[in-house]
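Enquirer: output the structure for:
(one chain, ligands or ions: 1)
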Amino acid sequence: MTDPVLPPELLFGTATAAYQVEGATHEGARGPSIWDTYCRTPGRVARGETGDVACDHYHRYREDVALMADLGVDLYRFSVAWPRVQPTGGGRPDPEGLAFYDRLVDTLLEAGIEPVITLYHWDLPQALEDGGGWRSRDTAHRFAEYARVVADRLNDRVRRWITLNEPFCSAFLGHAVGRHAPGTREGTPALAAAHHLLLAHGLAVGELRAAASGQVGITLNPDHLLPATGSEADRAAVERARTLHNRVWLDPILTGAYPDSEEETWGPLADGSYRAEGDLDIIGRSLDFLGINYYRPIMLRDAPHTEADPARRTAADIGVEQVPFEGVRHTTMGWPVLPDTFTDLLVDLDRRYPDLPPVLITENGSAEDDRPDGSGRVRDRERVDYLRAHLAALSRALEAGVDVRGYFVWSLLDNFEWAHGYDKRFGLVRVDYETLERHPKDSYRWYRDFLAAHRARRTQEPTTPREG
Ligand code: FCB
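Expert: Numbering: from 1, shown residues only. Okay, the predicted model is just below:
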């Protein structure tokens, strides 16, 4: 397969997140986050691993920026750790915490790489969790204050801001499935968490706009959902899942209204007790871009609820069951590799949401069974094939008229893959967790060559300049 040719103005980057790469969890005044607590709870994270050291990006960021400069990316998406900036989630910021992001931003700019900041990639200060966390409306207001603190410090140099990463995971994996921090299995409180995350997003958009912080967006992980059969029941199951995974986020943000399918999905759990008048106006504030993370499709069938009494269900107990895809390659995450569904998802979103803002693909990539050979080289052909095929799929979405402006590989480095710990490797660069040495994989070299060819076309072809 040859490399796809994408429009020269399309921007390329790599992405990471604070808790997955930084380490240095005891540096400065950094307070504990819900992920520090979750990692220390026996049985939660594979092998009891934690983000204490991770890739030590906090100390090795210069080396990592140099790797990115060599790679030739336009953009680097990283997240700011809220508990580093405000150790207890409020009040005066810790100067040492903010200074780290100052240095990182400056180092990126010196290397000609544009920083793209995610304000929240799941590491809620534990002190806020102790007061109710995302189930509490107050956390949304604390988040808006934190957003303003970071914007006031960095908006002279940062032009693209992402409020939240995948609030679906925070709300439902965190409070209904229990596979992410804080790790509870709740009903209405999980829906309250979803609403407060949305409110936090909207309030932060207001703060970022007031601080004149350039372009503002959010990163969601809408799923491409397929019914296992054409039966009425399986299709209805997909629609319930679409509400949980996609619509409860996209509808209020892009259309200013919650989906009418809430009742069918959650019954009495979605009692709206956590919503206040005016919230939807805040949540629906206009955005400059929508970040989309995409890895794989999901196939579903109708299934019995785990709990018979609707009032006692968790918010994830919506009467659906995942069905495996047969005859396709799966990554080490167990995710099927079906690149065409990436095109399908983007085209489908574009059709469903006429006001879809310009899209940034803020994450895409694969975890593979990378093994260094005798000389330490990682020949990760599967990852190259995955990325190539997904870029080709992206190109087809562009041809179909979807307005995509940028694409980020997840991830620059192998890193702490949440409940899976360190053995799921997504990096273009291998991290040796014994020595913390970085070793570019074959996929890194492939991406570098791909980007060099892409940049060469920028100077060859006349392009229509676009805002941003
Ligand atoms: C996404 C997360 C990111 C990473 C990838 C594999 O859901 O945003 O942190 O873990 O999955």
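Enquirer: is the ligand contacted by stretch 223-233?
Expert: No - Stretch 223-233 is not in contact with the ligand by C-beta under 6 Å from any ligand atom; minimum separation 11.0 Å. From N, CA and C alone the C-beta is placed, and that goes for glycine too.
Enquirer: report the rounded mean pLDDT for that stretch.
Expert: Averaging pLDDT along stretch 223-233 yields 98.
Enquirer: next: stretch 323-340.
Expert: Here the average pLDDT along stretch 323-340 is 98.
Enquirer: just the C-alphas of it, formatted as CSV.
Expert: Output in CSV follows, covering the C-alpha atoms of stretch 323-340 (Å, rounded to 0.1, in the frame of the first residue of the first chain):
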residue,chain,number,x,y,z
VAL,A,323,-20.5,-8.8,19.5
PRO,A,324,-17.0,-9.6,18.2
PHE,A,325,-16.0,-8.9,14.6
GLU,A,326,-15.0,-12.2,12.9
GLY,A,327,-12.2,-12.5,10.4
VAL,A,328,-10.5,-9.2,10.9
ARG,A,329,-7.2,-8.3,12.5
HIS,A,330,-7.4,-7.1,16.1
THR,A,331,-4.8,-4.9,17.9
THR,A,332,-3.5,-5.9,21.3
MET,A,333,-6.3,-3.8,22.8
GLY,A,334,-8.7,-6.4,21.2
TRP,A,335,-9.9,-3.7,18.8
PRO,A,336,-10.9,-4.7,15.3
VAL,A,337,-9.0,-2.9,12.5
LEU,A,338,-11.6,-1.7,10.0
PRO,A,339,-10.4,1.6,8.5
ASP,A,340,-13.5,2.1,6.3
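Enquirer: return the set of buried residues in that stretch.
Expert: Residues 323, 325, 331-332, 335-339 are the ones in stretch 323-340 that count as buried (16 or more other C-beta atoms under 10 Å).
Enquirer: and what of stretch 408-426?
Expert: In stretch 408-426, residues buried by neighbour count (16+ other C-beta under 10 Å) are 408-422, 424-426.
Enquirer: ok, now stretch 13-31?
Expert: Applying 16+ other C-beta under 10 Å to stretch 13-31 flags 13-25, 28-31 as buried.
Enquirer: how far does it sit from the chain's center?
Expert: Remark: stretch 13-31 is offset 15 Å from the chain centroid, using C-alpha atoms, centre = their mean, to the nearest Å.
Enquirer: any part of that stretch near the ligand?
Expert: Yes - Stretch 13-31 lies within reach of the ligand by C-beta under 6 Å from any ligand atom, at 17, 20.
Enquirer: and the end-to-end length of that stretch?
Expert: 30 Å (C-alpha to C-alpha, to the nearest Å).
Enquirer: re the thing from before, filter the buried residues of stretch 408-426 by proximity to the ligand?
Expert: Within the set of those, contact with the ligand (C-beta under 6 Å from any ligand atom) is found for 410, 417-418, 426.
Enquirer: farthest pair within these?
Expert: Spanning the widest gap among those are Trp410 and Trp418, at 12.5 Å by C-beta to C-beta.
Enquirer: so which residue is smack in the middle of the chain?
Expert: Asn165 (4.1 Å; C-alpha atoms, centre = their mean).
Enquirer: spatially nearest residue to that one (excluding sequence neighbours)?
Expert: His121 (4.3 Å; C-beta to C-beta, 6 or more residues apart in numbering).
Enquirer: how close does that neighbour get to the ligand?
Expert: 6 Å (C-beta to the nearest ligand atom, to the nearest Å).
Enquirer: what's the answer for Tyr274, then?
Expert: Tyr274 is 25 Å from the ligand, where distance means C-beta to the nearest ligand atom.
Enquirer: shouldn't that residue be in contact with Leu197?
Expert: No - counting by C-beta atoms under 8 Å, Tyr274 stays clear of Leu197, with 11.2 Å between them.
Enquirer: ok so, going back, please name the residues that touch the residue nearest to Asn165.
Expert: Each residue near His121 by C-beta atoms under 8 Å, 6 or more residues apart in numbering is listed here: 17-20, 79, 165.
Enquirer: and it, how close does it get to Glu166?
Expert: Distance, His121 to Glu166, by C-beta to C-beta, to the nearest Å: 8 Å.
Enquirer: likewise for Leu250?
Expert: Taken as C-beta to C-beta, the span from Leu250 to Glu166 is 13 Å.
Enquirer: those two: which has the busier surroundings?
Expert: More crowded of Leu250 and Glu166, by other C-beta atoms under 10 Å: Glu166, with 24 against 20.
Enquirer: residues touching the closest residue to the more buried one other than its chain neighbours, list them.
Expert: Nearest residue to Glu166, sequence neighbours excluded (C-beta to C-beta, 6+ apart): Asn221, at 4.5 Å. Asn221 makes contacts with 166, 168-169, 245, 292-294, as judged by C-beta under 8 Å, 6+ apart.
Enquirer: redo that, cut-off 7 Å
Expert: Residues near Asn221 by C-beta atoms under 7 Å, 6 or more residues apart in numbering: 166, 168, 293.
Enquirer: pLDDT wise, what is the closest residue to Val73 other than its chain neighbours at?
Expert: Spatial nearest neighbour of Val73, chain neighbours left out: Gly13 (4.8 Å); criterion: C-beta to C-beta, 6+ apart. Predicted confidence (pLDDT) for Gly13: 99.
Enquirer: please, which helix or strand holds Gly13?
Expert: In this assignment (DSSP states H and E), Gly13 forms part of strand 11-15.
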